[in-house]
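Trainee: turn this into a structure:
(one chain, ligands or ions: 1)
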Amino acid sequence: MTPLKNLTIKKFNEGLVKKDFSAAEIADAFLREISRKDGEIGAYLSINEEGALREAEAVDASLAKGEKIGPFAGVPIAIKDNILIKGLRATAASKILENYTASYDAGIIKKLKNERAVFLGKTNMDEFAMGSSTENSAFKMTKNPHDNERVPGGSSGGSAAAVAADLAVAALGSDTGGSIREPAAFCGVVGLKPTYGAVSRSGLIAMASSLDQIGPITKTVQDSALLFNAIRGQDALDATSTEIPGSENYIRELLDPDLKKIKDLVIGIPGEYFPEELDETTKKSIDVTIKTVQSLGVKFKKISLPNTRYALSCYYIIMPAEVSSNLARFDGIRYGRKTEGVQPATNLKDIYFKTRGEGFGNEAKRRIILGTFVLSSGYYDSYYKKAQQVRRLIKNDFENALKEVDAIMTPVTPGPAFKIGEKTEDPLTMYLSDIFTIPANLAGLPAVSIPVREKKEGLPIGFQLIGKAWREPDILGLGFYYEKTTAPELYEN
Ligand code: GLN
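Mentor: Okay, the predicted model is just below:
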């Protein structure tokens, strides 16, 4: 039996085609591993046992008939619980959606169903994707597979933990300010936030629509490129989604990066992302990574992104503004479980109060209140409008820098995974976890978090590559050759 450890999308497909195993065998092995280990890790909120086995068996039947299968057929994937799969629960880890069953498939789920991927289950997250540790889930804790006393990061903590603990071959998360990249860094896996508009948001329970993107969490950079390519593309149900300009070339570069082109890249190092207070191990790890990448022939250049220091404040105005508007629909009438309380509600307002009062957790309430405030008349201009202007300045910083360099390297987080409970008392220290990831969302740029592979002991640390818009091939191509140099075993059979 093939060990589930280090089983990548690529290796799964090769093994399946060579008949080393069947899809049903692997799906079954994952389901057993989940029931054995997930009590401790807590990566999943619900398991799709029947559906997963049925699809895996169907893939095996196709193979037995000699039909051709694609690279995703039978691949066991975990899906964050804010992404809709028809007929399965989608709670976004909120009490208000506890009993909600999705009535349609998200755009990316339709694509993956066509590819015949197997959905193992829905993963834990911070409520409505608000948080950096998965501690804001209304239902359970998720633990970091590298150290059970530590958080897996968030908000896609369940997805990152599932991949890191070999409870799925790959997973999907969503990233509004770092929710794919931060948990990927904490759990030692690869997380990609695509260019804004590259992936459809149809069927993603919205947090902040101008920032949200769905993306892959995988064991290798190569898998990241494969999964990203499977979910990207225009969707009539998301007006902001676009086909990537020059798709054919793009796909070739993405799936088969050319080392000669990668060697020609110039990478920017922004001083603003390496402050005095940066954790020592994180700093050293990035230094080592720079040396390795230099040895590939890639050049580095110091750059400046002067408005970085406003990014966090800007995000914490724009994001809650959009949250307050997106979450208004959960009122117990249009969407969400209606709560009547001990005393039945006597009027409409009372229904709203009780439903929203009991259905939302503290972090969701905090952001709804903040967002409503910054959008209110009299404050709109001084907060929301100002933040939009600052967002433009941050975007301009990147545009200017990316005229000089092809991509930018930074840390993903100010330090490694923190202890459970360490930051729950003070929301501000929690918000600081995303200081290096938020700017790419504000600017709409693609960014990937890759584990520092030279670091073999202790907690995982990630480095981030931010690319030009629609240039995922640059950051993933560089990541691919970096991994081939530092962790060739990932690509060996
Ligand atoms: N941790 C950030 C926040 O709390 C980002 C969340 C996300 O990307 N969904 O808003």
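Trainee: can we go C-alpha only for contacts and neighbour counts from here?
Mentor: Will do.
Trainee: ranges for the strands of the protein?
Mentor: Counting by DSSP state E, the chain has strands at residues 44-47, 76-80, 118-123, 170-175, 190-193, 213-218, 266-270, 299-303, 407-411, 447-451, 462-467.
Trainee: quick one, which of those strands is packed in tightest?
Mentor: strand 190-193 (a mean of 34; mean count of other C-alpha atoms under 10 Å).
Trainee: does that strand reach the ligand?
Mentor: No - taking C-alpha under 6 Å from any ligand atom as the criterion, strand 190-193 and the ligand are apart, separated by no less than 9.6 Å.
Trainee: contacts for that strand?
Mentor: Contact with strand 190-193 is made by 174-175, 180-181, 184-185, 213-221, 224, 446-451, as judged by C-alpha atoms under 8 Å, 6 or more residues apart in numbering.
Trainee: in the stretch 351-493 of the chain, what residue lies closest to the ligand?
Mentor: For the stretch 351-493 of the chain and the ligand, the shortest gap (C-alpha to the nearest ligand atom) falls at residue 434, measuring 5.8 Å.
Trainee: what's the burial count for that residue?
Mentor: 23 (other C-alpha atoms under 10 Å).
Trainee: ok, now which ones touch the residue nearest in space to the middle of the chain?
Mentor: In the chain, the residue lying closest to the centroid (C-alpha atoms, centre = their mean) is residue 180, at 2.4 Å. Residue 180 is in contact with 154-156, 160, 173-174, 191-193, 215-217, counting by C-alpha under 8 Å, 6+ apart.
Trainee: of all those residues, which comes closest to the ligand?
Mentor: Ranked by distance to the ligand (C-alpha to the nearest ligand atom), these are led by residue 155 at 5.5 Å.
Trainee: ok, that closest one to residue 130 distance?
Mentor: 6 Å (C-alpha to C-alpha, to the nearest Å).
Trainee: export the strands of the chain to JSON lines and append columns for mean pLDDT.
Mentor: Output for those, formatted as JSON lines (pLDDT from 0 to 100):
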{"stretch": "strand 44-47", "mean pLDDT": "98"}
{"stretch": "strand 76-80", "mean pLDDT": "98"}
{"stretch": "strand 118-123", "mean pLDDT": "98"}
{"stretch": "strand 170-175", "mean pLDDT": "98"}
{"stretch": "strand 190-193", "mean pLDDT": "98"}
{"stretch": "strand 213-218", "mean pLDDT": "98"}
{"stretch": "strand 266-270", "mean pLDDT": "98"}
{"stretch": "strand 299-303", "mean pLDDT": "98"}
{"stretch": "strand 407-411", "mean pLDDT": "98"}
{"stretch": "strand 447-451", "mean pLDDT": "98"}
{"stretch": "strand 462-467", "mean pLDDT": "98"}
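Trainee: among those strands, which comes closest to residue 25?
Mentor: Comparison of the strands of the chain against residue 25 by C-alpha to C-alpha identifies strand 76-80 as nearest, at 11.1 Å.
Trainee: quick one: that closest one to chain centroid distance?
Mentor: How far strand 76-80 lies from its chain's middle: 12 Å, per C-alpha atoms, centre = their mean, to the nearest Å.
Trainee: wait, residue 16 sits on residue 24?
Mentor: No - using C-alpha atoms under 8 Å, residue 16 is not in contact with residue 24; the gap is 10.3 Å.
Trainee: any regions of the stretch 51-200 of the chain where pLDDT drops low?
Mentor: Under the criterion pLDDT under 70, no range of the stretch 51-200 of the chain is flagged.
Trainee: run through the residues of it sitting next to the ligand.
Mentor: Contact residues, the stretch 51-200 of the chain versus the ligand (C-alpha under 6 Å from any ligand atom): 129-132, 155, 175-179.
Trainee: would you mind listing which of those are buried?
Mentor: The neighbour count (16 or more other C-alpha atoms under 10 Å) marks 129-132, 155, 175-179 as buried among these.
Trainee: turn the residues of the stretch 51-200 of the chain next to the ligand into JSON lines, including distance to residue 490.
Mentor: Formatted as JSON lines, those follow (distance: C-alpha to C-alpha, whole Å):
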{"residue": "129", "distance to residue 490": "30"}
{"residue": "130", "distance to residue 490": "33"}
{"residue": "131", "distance to residue 490": "31"}
{"residue": "132", "distance to residue 490": "28"}
{"residue": "155", "distance to residue 490": "26"}
{"residue": "175", "distance to residue 490": "25"}
{"residue": "176", "distance to residue 490": "29"}
{"residue": "177", "distance to residue 490": "29"}
{"residue": "178", "distance to residue 490": "25"}
{"residue": "179", "distance to residue 490": "25"}
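Trainee: which of those residues lies closest to residue 255?
Mentor: The nearest member of those to residue 255, counting by C-alpha to C-alpha, is residue 175 at 22.6 Å.
Trainee: ok so, going back, of the contacts of residue 180, just say which sits nearest to residue 61.
Mentor: residue 216 (27.7 Å).
Trainee: list the contacts for the closest one?
Mentor: 170-173, 180, 191-193, 224, 227-228.
Trainee: what bridges to it?
Mentor: Under DSSP bridges, the beta-bridge partners of residue 216 are residue 172.
Trainee: all numbers from here: first residue = 49
Mentor: Shifting the count to begin at 49 puts that one at residue 264.
Trainee: residues touching the closest residue to residue 81 other than its chain neighbours, list them.
Mentor: The shortest distance from residue 81 to any non-neighbouring residue, by C-alpha to C-alpha, 6 or more residues apart in numbering, is to residue 215 (6.6 Å). Contacts for residue 215 were tallied using C-alpha under 8 Å, 6+ apart; they are 78-79, 81-82, 86.
Trainee: now with 7 Å?
Mentor: 78, 81-82 (C-alpha atoms under 7 Å, 6 or more residues apart in numbering).
Trainee: the ligand next: which of the residues you listed are close?
Mentor: Among those, not one lies near the ligand by C-alpha under 6 Å from any ligand atom.
Trainee: neighbour-wise, which of those leads?
Mentor: Counting by other C-alpha under 10 Å, residue 82 has the largest number of neighbours within these, with 23 neighbours.
Trainee: what distance do you get for the residue lying closest to that residue once chain neighbours are set aside to residue 534?
Mentor: In space, and not counting its chain neighbours, residue 82 is closest to residue 215: 5.9 Å by C-alpha to C-alpha, 6+ apart. Using C-alpha to C-alpha, residue 215 is found at 24 Å from residue 534.
Trainee: great, nothing more from me.
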